[in-house]
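1. Compute the structure for the input listed below.
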Amino acid sequence: MRNLAIIAHVDHGKTTLVDCLLKQTGISADERAMDSNDLEQERGITILSKCTSVAHKGHKLNIVDTPGHQDFGGEVERIMTMVDGVCLVVCATEGPMPQTKFVLSKALAQGLKPIVVINKVDRPTQRTEEVENEIFDLFCNLEANDEQLDYPVIYAAARDGWATADFENGKREGVDDLLQGMIDSIPVPDVDVTGDLKMLIN
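-> Numbering: from 1, shown residues only. Okay, here's the model as predicted:
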């Protein structure tokens, strides 16, 4: 089992990536499946965090989709206490934005292990290599520890349904690399399965 949150600046493709994961693991083929709130559907943004689960090669991944808009930053902070890692999604054109810095700072402060997805790499305006360097600089500026700096990078076009660990030569079909990256990078929950029941109320 892995527990992780997907975090990003608004419009960097976070919810589209979640849709992609749900579709390719057979959970749901609906667009914006997680944004079920009427206001979310009307405005086209995520307002409330929501959890879903997908399975990959015998592993269960509990994924929390979080808001990307700065007005709902408190919702993201709340989720950081409930997961063991984060998937940071960054647009290959815009690069790290103010909300990227905010959500990443909260994740790093909690000691969470990250995996980075550079999304929209299929666009003519993409500047993937520059953005990758900007992300690393952001991690350094936020004083990430050595373990957090050793993050994997996945290159994706969530709208087209693919994510690969090899930008130059990787197969641009499916999201197996992303799912496997989550399994390999996000730690297993540190729990005592023989102990008493514990519950986090947040």
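
2. could you say what helices and strands the lengthiest helix in the chain packs with?
-> In the chain, taking DSSP state H as the definition, the longest helix is helix 128-141. Where contact means 3 or more Cβ pairs under 8 Å, 6 or more residues apart in numbering; DSSP states H and E, helix 128-141 is packed against strand 85-91, helix 98-109, strand 113-119, helix 146-149, strand 153-157. Backbone N, C-alpha and C define where each C-beta goes, glycine included.

3. Please pull out the lowest mean pLDDT helix or strand from this structure.
-> helix 38-43 (a mean of 51; mean pLDDT, DSSP states H and E).

4. List the contacts of the next helix or strand after that helix.
-> Next in sequence after helix 38-43, counting helices and strands by DSSP states H and E, comes strand 50-56. By Cβ atoms under 8 Å, 6 or more residues apart in numbering, the residues outside strand 50-56 that reach it are 18, 21-22, 25, 27, 34, 36, 60-65, 176, 179-180, 182-183.

5. Buried residues in stretch 89-106, which are they?
-> 89-97, 99-100, 102-104, 106 (16 or more other Cβ atoms under 10 Å).

6. And these, which is closest to Tyr151?
-> Nearest to Tyr151 out of the buried residues of stretch 89-106 is Leu104 (Cβ to Cβ; 10.7 Å).

7. Of the helices and strands packed on helix 128-141, which shows the lowest average pLDDT?
-> Lowest mean pLDDT of the helices and strands packed on helix 128-141: helix 98-109, a mean of 88.

8. Which strands and helices lie in contact with that helix?
-> Using 3+ Cβ pairs under 8 Å, 6+ apart: helix 98-109 touches strand 2-8, helix 73-80, strand 85-91, strand 113-119, helix 128-141.

9. which helices and strands does the third one pack with?
-> Meaning strand 85-91. Going by 3+ Cβ pairs under 8 Å, 6+ apart, strand 85-91 lies up against strand 2-8, helix 98-109, strand 113-119, helix 128-141, helix 176-185.

10. List the contacts of it.
-> 2-9, 11-14, 17, 63, 80, 96-97, 100, 103-104, 107, 112-120, 131, 135, 182, 185-187.

11. Give the buried subset of these as a ChimeraX selection command.
-> Of these, the buried ones can be selected in ChimeraX as follows, counting by 16+ other Cβ under 10 Å:
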select :2,3,4,5,6,7,8,9,11,12,13,14,17,63,80,96,97,100,103,104,107,112,113,114,115,116,117,118,119,120,131,135,182,185,186
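
12. returning to what we had before: quick check: the two most widely separated of the buried residues of stretch 89-106?
-> Among the buried residues of stretch 89-106, the pair separated by the greatest distance (Cβ to Cβ) is Thr93 and Lys106, at 24.3 Å.
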